[in-house]
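In: Sequence first, predicted model second:
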Amino acid sequence: MTYLKMWFNRVRCSLASYFYRKRTLSLGRAAHLAGLSRWDFIEYLSDNQVPVLDFTPEELEVEFAAIDRLAEELNR
């Protein structure tokens, strides 16, 4: 692999990571931009200390409320 191609791949991954962190791109679209599979992009994020799941407290509250509602429906 040429130096230029390696540099281009790094730039793609860096841009994809940036747009994923800013929530401009979904995980799938960011992985596509990076030229990686979703699993490889998750590994790239992990290697670069970028959280894959990054919820605000409010978002977590909504998610847990939805889980509680689902659990109640399943237990009926």
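Out: Perfect, I can see it now.

In: how much space is there between P51 and R69?
Out: From P51 over to R69 the distance is 26 Å, taken as CB to CB, to the nearest Å. Any C-beta I mention is one placed from the backbone N, CA and C, and that applies to glycine too.

In: for G28, same thing?
Out: 27 Å.

In: Run a quick neighbour tally on A66.
Out: If you count neighbours by other CB atoms under 10 Å, A66 ends up with 10.

In: Ok, the one 10 residues further on next?
Out: Counted by other CB under 10 Å, the residues lying close to R76 total 4.

In: ditto for D40
Out: 13.

In: from the chain's centre, how far out does stretch 55-74 sit?
Out: 20 Å (CA atoms, centre = their mean, to the nearest Å).

In: ditto for stretch 43-54
Out: 7 Å.

In: Likewise for stretch 12-20?
Out: Taking mean C-alpha positions (CA atoms, centre = their mean), stretch 12-20 and its chain are 10 Å apart.

In: Buried residues in it, which are they?
Out: 13, 16-17, 19-20 (16 or more other CB atoms under 10 Å).

In: Which residues does it contact?
Out: If you take CB atoms under 8 Å, 6 or more residues apart in numbering as the criterion, stretch 12-20 is touched by 25-27, 30-31, 33-36, 41, 44-45, 48, 50.

In: Then stretch 3-11?
Out: Contacts for stretch 3-11 (CB under 8 Å, 6+ apart): G35.

In: S26: how many residues sit nearby?
Out: For S26, the neighbour count with other CB under 10 Å is 12.

In: State the pLDDT value of the closest residue in space to it that isn't next to it in sequence.
Out: Nearest non-adjacent residue to S26, counting by CB to CB, 6 or more residues apart in numbering: Y20, 7.8 Å away. At Y20, the pLDDT value in this model is 96.

In: any idea how far R69 is from Y20?
Out: Taken as CB to CB, the span from Y20 to R69 is 29 Å.

In: Poorly predicted segments of this structure, please.
Out: 1 (pLDDT under 70).

In: Can I get the host helix or strand of R10 in CSV, CA atoms only?
Out: Under the criterion of DSSP states H and E, R10 resides in helix 3-21. Output of helix 3-21 as CSV, limited to C-alpha atoms (Å, rounded to 0.1, in the frame of the first residue of the first chain):
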residue,chain,number,x,y,z
TYR,A,3,2.0,6.1,1.6
LEU,A,4,-0.6,8.3,-0.1
LYS,A,5,-3.2,5.6,0.1
MET,A,6,-2.4,5.0,3.8
TRP,A,7,-2.7,8.7,4.5
PHE,A,8,-6.0,8.9,2.6
ASN,A,9,-7.4,6.0,4.7
ARG,A,10,-6.3,7.7,7.9
VAL,A,11,-8.0,10.9,6.9
ARG,A,12,-11.2,9.0,6.0
CYS,A,13,-11.2,7.3,9.4
SER,A,14,-10.5,10.6,11.2
LEU,A,15,-13.3,12.4,9.4
ALA,A,16,-15.7,9.5,10.0
SER,A,17,-14.8,9.5,13.7
TYR,A,18,-15.3,13.2,13.9
PHE,A,19,-18.7,13.2,12.3
TYR,A,20,-19.7,10.2,14.3
ARG,A,21,-18.7,12.0,17.6
